[in-house]
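> I'll drop the sequence and a predicted model, then ask my questions.
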Amino acid sequence: MIKIDSYLERIVTTHLHRTTDMATEVDCTRRFPDFFVIGAAKSGTTTLHEYLARHPDLWMSADKEPCFFDPNVAAELRDPETYHGLFSGAREDQLCAESSTNYAMWPLVPNVPRSIARVNPDARFIYLLRDPLRRCYSHFMHRHEREVLRDQPYRMTFEEYLNFDPIIADASDYAAQIRRYLEYFPKQSLLLLSFERFVKDPVSTLKQVFDFLGVDDRSEEDGGEPLHSNNTDAFKSIMMRSYTMAPLRRIPGLRAVYERMPSNFRAASISLIQKSPLGRRARRRLTPPPILPETRKRLQERFDASTAYLEAEFGFDASCWSSDAQG
């Protein structure tokens, strides 16, 4: 097992043990969201949030993921006045919402349903679900590249990272997440949607959402123009370019020469560098490790049991999920 930096261990330990319940500190007479997009992470929630913001009867928070009910977020970052301010501009007849994917990351993020129930026992929830193994692997890349080991080459195997940061699998155990909500909310308060169908047919998915929320069906108008948010490929391209060019930036005067080059020469030079041994070495270091077959089998068995619960209890159609997820 690779040794994790003690500094990183301290950060994660601190993160896991801050559990202030913000709902006990706020004025429940102020406006809270009528519904929440709770996840799953890496399943199109940013795109859905932006689609819903087009509807005139919906007020989606400008800060898409305020994470106000996440007890692990420092209290100073969950100021009640700031949170209420996200919805202060809404009309009385508009439904307000936010979309924090941390709300479906139990047990790393505990007590969210309880806290929401205290301020809005009639809240509703939209849960976008993606093939769980594919989502798990995508979440692994996201957590490593943008959150836990930000902008660093892959130092751990997938299995080592899974032991270090198990939320990447826990967040794909949809049954476990949903059961937390059913302790405080009725089954009909949850709408489960397929990420894969959302990608193929956003109009149909939006119609389901509008029916669920009881607002006018604007799926044809609001879902007509495609949106592509939170693009991982674009992020990885930027990261690859930055990592490849970093050694060259240390050469005196090279940056000034590069900045005076025409844009087409810049693009050509970057392409040549990325094809060089330096670029190939950078690509290898930035390529995520695969999931071992035995790990894949173990995770798939866990996720299959969770999926069976969704099908039996909610009639969820998981036929578009495959068992050959990347890894």
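Yep, that arrived.

> What count of nearby residues applies to the residue lying closest to residue 36 once chain neighbours are set aside?
Spatial nearest neighbour of residue 36, chain neighbours left out: residue 125 (5.3 Å); criterion: Cβ to Cβ, 6 or more residues apart in numbering. Quick note: C-beta positions are derived from backbone N, CA and C, even for glycine. By other Cβ atoms under 10 Å, 22 other residues sit near residue 125.

> ok, now residue 106?
If you count neighbours by other Cβ under 10 Å, residue 106 ends up with 21.

> Which residues are in contact with it?
112, 170, 176, 177, 180 (Cβ atoms under 8 Å, 6 or more residues apart in numbering).

> Okay, domains of the protein per the record?
Domain ranges of the chain: 15-228+294-314, 232-286, per automatic domain parsing.

> could I get those as JSON lines with mean pLDDT and distance to residue 322?
Below are the domains of the chain laid out as JSON lines (pLDDT from 0 to 100; distance: least, Cβ to Cβ, whole Å):
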{"stretch": "domain 15-228+294-314", "mean pLDDT": "91", "distance to residue 322": "6"}
{"stretch": "domain 232-286", "mean pLDDT": "57", "distance to residue 322": "19"}
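
> Run a quick neighbour tally on the closest residue to residue 77 other than its chain neighbours.
Counting by Cβ to Cβ, 6+ apart, residue 67 is the residue found nearest to residue 77 once chain neighbours are left out, at 7.9 Å. Neighbours of residue 67 under the rule other Cβ under 10 Å: 20.

> isn't residue 310 right next to residue 316, touching?
Yes. Residue 310 lies in contact with residue 316 (Cβ atoms under 8 Å); the separation is 3.9 Å.

> picking up where we left off before, do you know how far the residue nearest to residue 36 is from residue 158?
30 Å (Cβ to Cβ, to the nearest Å).

> got it, and residue 48?
Here the criterion is Cβ to Cβ. By it, residue 48 lies 28 Å from residue 158.

> Name the residue closest to the centre of this structure, please.
What sits nearest the mean C-alpha location of the chain, by Cα atoms, centre = their mean, is residue 41, with 2.6 Å.

> hmm, back to that, list the residues that contact both of residue 310 and residue 316?
With Cβ under 8 Å, 6+ apart, residue 310 and residue 316 have common neighbours 129, 192.

> Now do the contacts for the residue nearest to residue 195 when sequence neighbours are not counted.
Of all residues not flanking residue 195 in the chain, residue 130 sits nearest, at 3.8 Å (Cβ to Cβ, 6+ apart). Residue 130 makes contacts with 40, 42, 43, 44, 138, 194, 195, 196, as judged by Cβ under 8 Å, 6+ apart.

> Pull out the buried residues from these.
Buried subset of the contacts of residue 130 (neighbour count, 16 or more other Cβ atoms under 10 Å): 40, 42, 43, 44, 138, 194, 195, 196.

> Tally up the residues packed near residue 142, please.
Neighbours of residue 142 (other Cβ under 10 Å): 17.

> With residue 153 as the reference, measure out to it.
Residue 142 is 16 Å from residue 153, by Cβ to Cβ.

> Strands along the stretch 101-250 of the chain, start to end?
Taking DSSP state E, counting those that start in this stretch as the criterion, the stretch 101-250 of the chain carries its strands at 124-129, 190-194.

> Just name the most buried of these.
Most buried of the strands of the stretch 101-250 of the chain by mean neighbour count (mean count of other Cβ atoms under 10 Å) is strand 124-129; its value is a mean of 24.

> who's in contact with that one?
By Cβ under 8 Å, 6+ apart, strand 124-129 touches 34-40, 43-45, 48, 104, 174, 177-178, 181, 185, 189-195, 198, 209, 212-213, 310, 316.
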